[in-house]
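[1] mind looking at a prediction? Sequence and model below.
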Amino acid sequence: MVMGAGLPHADDKMNVQLTVHGRPSLDALGWKFGTDKASYHSYTVMYEPFIAQWRDEPIRLLEIGVLNGSSLLMWDSYFSHPRARFVGAGIGDPAMQSQGRARAIKADQSREDDLRKL
């Protein structure tokens, strides 16, 4: 899997909050794995205050719109519970994106039939 292709590296961002309570922040992990959710969109900074309370819980997370699977690696690293699971839906090759506790599903978010399968 090619992660972060064409995206800036963590060294390029000046305001990354590296840790929260001694653990890597979601933003730092997003930059580490090269997801556009950290670099281009800065969603990770907005998400963390809402999801931090579940960091050690056996959550189930569905992400619609995975580019190359790098955000699935970010979620896998952020959430610590061994029974936490992550599913990413995108138009890329799911075999290239599924790793660890994360599984990718081929689905086009612009197709109603694909969304019904999720």
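    Thanks, I have it.

[2] can you name every helix or strand that the helix or strand encompassing Thr44 contacts?
    Thr44 is located in helix 43-51, with elements delineated by DSSP states H and E. In this structure, helix 43-51 packs against helix 26-33, with contacts taken as 3 or more CB pairs under 8 Å, 6 or more residues apart in numbering; DSSP states H and E. C-beta here means a position set from N, CA and C on the backbone, and glycine is covered the same way.

[3] how about the helix holding Thr44 as PDB, C-alpha atoms only?
    Provided in PDB are the C-alpha atoms of helix 43-51 (Å, rounded to 0.1, in the frame of the first residue of the first chain):
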ATOM      1  CA  TYR A  43     -10.400  16.800  10.200                       C
ATOM      2  CA  THR A  44      -8.300  15.000  12.800                       C
ATOM      3  CA  VAL A  45      -8.100  18.200  14.900                       C
ATOM      4  CA  MET A  46     -11.900  18.500  14.800                       C
ATOM      5  CA  TYR A  47     -12.600  14.800  15.400                       C
ATOM      6  CA  GLU A  48     -10.400  14.200  18.500                       C
ATOM      7  CA  PRO A  49     -12.400  16.200  21.100                       C
ATOM      8  CA  PHE A  50     -15.500  14.200  20.200                       C
ATOM      9  CA  ILE A  51     -14.000  10.700  20.000                       C
END
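
[4] so where's the protein shaky on pLDDT?
    For the chain, the stretches with pLDDT under 70 are 1-17, 19-20, 96.
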